[in-house]
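Novice: with the sequence up front, the predicted model follows.
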Amino acid sequence: MRFTWTFTVGSEPIDVHGHVNNVAYVRWMQDVAIRHTQSVGGDVRAAAAGIIWVTRSHKIEYLRPAFEGNEIQIQTWIETVERVTSLRKYEFRNTEGEVLLAKGETNWVCLDRETGRPKAIPDRVIQAYTEPGDAS
């Protein structure tokens, strides 16, 4: 199940070259992941299970520049789930012409909130992203 977030680029992420700085894409990846998680109740289920998510790695491929005033649409989804990790993918598009600007992925690791050690992802948390219905 894909989640979509659309917004207009302001002046803050624009770099000395006049386009969106590459660091902004990492911030947007985190922001859209949080929005997706909240929309399906994954944050509530994670808190109830005593887990937190941390990033192991990001990968981004930049294809076209984005500029101030562009309307950007980000789609994100969970690609794979392993025992303690989850691979989330992203696509960034300029809504004008639906031009693919960038694509990326984040490898998230599930940790026990108390110990900080890796913990198996509870089925109930995984189900928040794969099953429609009650997000609590």
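Specialist: Ah, there it is.
Novice: for the nearest residue to Gly42 once chain neighbours are set aside, what are phi and psi?
Specialist: Closest residue in space to Gly42, ignoring its immediate chain neighbours: Ala128 at 4.3 Å, by Cβ to Cβ, 6 or more residues apart in numbering. To be clear about C-beta, it is placed using only N, CA and C from the backbone, and glycine gets the same treatment. Ala128 adopts backbone torsions of phi -60, psi -30, taken as degrees, to the nearest 10.
Novice: which of the helices or strands spans the residue nearest the centre of the chain?
Specialist: With distances taken as Cα atoms, centre = their mean, Ala33 lies nearest the centre of the chain, 2.8 Å away. Assigned by DSSP states H and E, Ala33 falls within helix 22-40.
Novice: that helix packs against which elements?
Specialist: Where contact means 3 or more Cβ pairs under 8 Å, 6 or more residues apart in numbering; DSSP states H and E, helix 22-40 is packed against strand 3-8, helix 42-49, strand 51-62, strand 71-81, strand 85-94, strand 99-112, helix 123-130.
Novice: which residues are contacting the fifth one?
Specialist: If I follow you right, that is strand 85-94. 25, 28-29, 32-33, 53, 56, 64, 66, 70-81, 99-110, 121 (Cβ atoms under 8 Å, 6 or more residues apart in numbering).
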